[in-house]
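Undergrad: Okay, structure incoming, though there's no sequence with it:
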């Protein structure tokens, strides 16, 4: 069985602070994919990143960075110098061999001006 | 290129009525997924299609729900009869066979059953 845990239900920060969203996963598959999606207040789900289980390189895209560590089964997401527009619910997801994804419950990020 | 298109964006109906949600996947994508999002259960996969064929419908809650994909550019999710507990946001997503793991989501349909 697959499981994705986003222990932080809600995070509140002030603009320009750095914030890290945690994601811990469980799977028995040796090949799997991890994702982050953003759901802004408008409601759509926006794809942010995909990593496969064989690629543990961290990735940076502008103010966003992701830290994938197989040893701790974690795929954490950091936003540097947060902005109000970053306010959204962020979902971590896991896709294994069954091609049926498992989503975490999401972390609501509120960035105050 | 247009993203996944869903209609209607909002639907309010009365208990017992039939509801039909529509989805147009990204052109060329051969996987299509229907999800339901609620506060209680989060994001749940209902059913997915590959090349218009339903592959896994184990997430469909009950016989009141049915989904079809008559061609590569159109899918429907029907609820008949609808119940208040069906109120949720329904998302459609699609992915490309050669990159099937990345799903691109539509804007969702907010359904309220009174």
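TA: Sure, I can see it. Please read all numbers here as calculations on a predicted model, not as lab measurements.
Undergrad: Can you report how many residues neighbour residue 2?
TA: Chain wasn't specified; assuming chain A. Residue A:2 has 18 neighbours, counted by other CB atoms under 10 Å in any protein chain shown. Placement of C-beta: from N, CA and C, glycine included.
Undergrad: hmm, I had chain B in mind actually
TA: The number of residues packed near residue B:2 is 7, by other CB under 10 Å.
Undergrad: Surely it is in contact with residue B:25?
TA: No - here residue B:2 lies out of contact with residue B:25, judged by CB atoms under 8 Å, at a distance of 10.1 Å.
Undergrad: check contacts around the residue of chain A found nearest chain B.
TA: In chain A, the residue found nearest to chain B is residue A:45; the distance is 3.8 Å by CB to the nearest CB. By CB atoms under 8 Å, 6 or more residues apart in numbering or on different chains, residue A:45 lies in contact with A:37-39, A:91, B:91, B:93, B:105, B:108.
Undergrad: what about residue A:71, which SS state?
TA: Assigned by DSSP: H, G, I helix; E, B strand; the rest coil, the conformation of residue A:71 is helix.
Undergrad: near chain A, which residues of chain B show up?
TA: Contact residues, chain B versus chain A (CB under 8 Å from any CB of the partner chain): B:42-43, B:45, B:48, B:56, B:89, B:91, B:93, B:100-108, B:110.
Undergrad: Not including adjacent chain positions, what is the nearest residue to residue B:25?
TA: Among residues not flanking residue B:25 along the chain, residue B:94 sits closest, at 3.4 Å (CB to CB, 6 or more residues apart in numbering or on different chains).
Undergrad: could you give the mean pLDDT of the strand or helix carrying the one you found?
TA: According to DSSP states H and E, residue B:94 maps onto strand B:88-95. Across strand B:88-95, the average pLDDT comes to 96.
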